[in-house]
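Novice: Please find the sequence and the predicted model below.
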Amino acid sequence: MTKLLEWLFAVSLVGVAWGLVTFDLLDFQFPAVYREVAWPMPVYLLVVFGCYSLATVGYRVATFNDCEEAARELQGQIQEAKEDLKKKGLKI
Amino acid sequence: MATGADHAVGLGLVGFSLLLFTYYTIWVIVLPFVDSDHVVHSYFLPREYSVILPGIAALILLLCVGTFIGIVTWKNRKSKKVN
């Protein structure tokens, strides 16, 4: 089974479970509180994933070490490349 | 360690995402278990907005991405003809 199929299977299982609780398809008649918490779950998980991604990016930006020499070297190479391409006719 | 603006921006992102996570978690998960006459409810919009607002934010994000792609494609359509 491919990874895609595995993921789709897991997602559809979770989706069915969520649908059962939110729309009460099997007539379990859960207490109202649990239904109140369950129905925004897909959006909630998306927002939490977004927050986690944002926090990870922010943390890695904040702790990334400056590399002075590599930065200068890179700037020089960018200049070189720009001049070379301009000679060959590319407009930037 | 990153310095200056990088450090500040990074920490700002982390702080913002923590705030957002906390507020949203309380809104979606904690509030239903709190009595409806508790004062904390006055700090949160009605529950429907907890789904509508992220939906609108996602739409705006898609709009921005699509506009950006459109602008870049528009700017490059002439240079394709020249080549």
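Specialist: Ah, there it is.
Novice: give the contact list for B:His7.
Specialist: By CB atoms under 8 Å, 6 or more residues apart in numbering or on different chains, the residues touching B:His7 are A:Ala62, B:Met1. C-beta: built from backbone N, CA, C; applies to glycine.
Novice: where along the chain do the strands fall?
Specialist: Went with chain A since none was named. Counting by DSSP state E, chain A has no strands at all.
Novice: mind showing which ranges of it have poor pLDDT?
Specialist: For chain A, the stretches with pLDDT under 70 are A:92.
Novice: can you give me the offset of the longest helix anywhere in chain A from its chain's centre?
Specialist: Using DSSP state H, we find that the single longest helix of chain A is helix A:41-63. Distance, stretch centre to chain centre, for helix A:41-63: 7 Å (CA atoms, centre = their mean, to the nearest Å).
Novice: residues making contact with that helix?
Specialist: By CB under 8 Å, 6+ apart, helix A:41-63 touches A:18, B:1-2, B:6-7, B:9-14, B:16-18, B:20-21, B:24-25, B:28-29, B:50-51, B:54-55.
Novice: Mind checking which of those are in helices?
Specialist: Reading helices off the contacts of helix A:41-63 with DSSP H, I get A:18, B:6-7, B:9-14, B:16-18, B:20-21, B:24-25, B:50-51, B:54-55.
Novice: By neighbour count, sort out the buried ones in the residues you listed.
Specialist: Among those, those scoring as buried are B:His7, B:Gly10, B:Leu11, B:Leu13, B:Val14, B:Ser17, B:Leu20, B:Phe21, B:Tyr24, B:Ser50, B:Val51, B:Pro54 (criterion: 16 or more other CB atoms under 10 Å in any protein chain shown).
Novice: which parts of the longest helix of chain A are buried?
Specialist: Within helix A:41-63, the residues that count as buried by 16+ other CB under 10 Å are A:Met41, A:Val43, A:Tyr44, A:Val47, A:Val48, A:Gly50, A:Cys51, A:Leu54, A:Ala55, A:Gly58, A:Val61, A:Ala62.
Novice: What parts of chain B come near chain A?
Specialist: Residues of chain B lying close to chain A (CB under 8 Å from any CB of the partner chain) are B:1-3, B:6-7, B:9-14, B:16-18, B:20-21, B:24-25, B:28-29, B:32-33, B:47, B:50-51, B:54-55, B:79.
Novice: I'm done for today, thanks for sticking with me.
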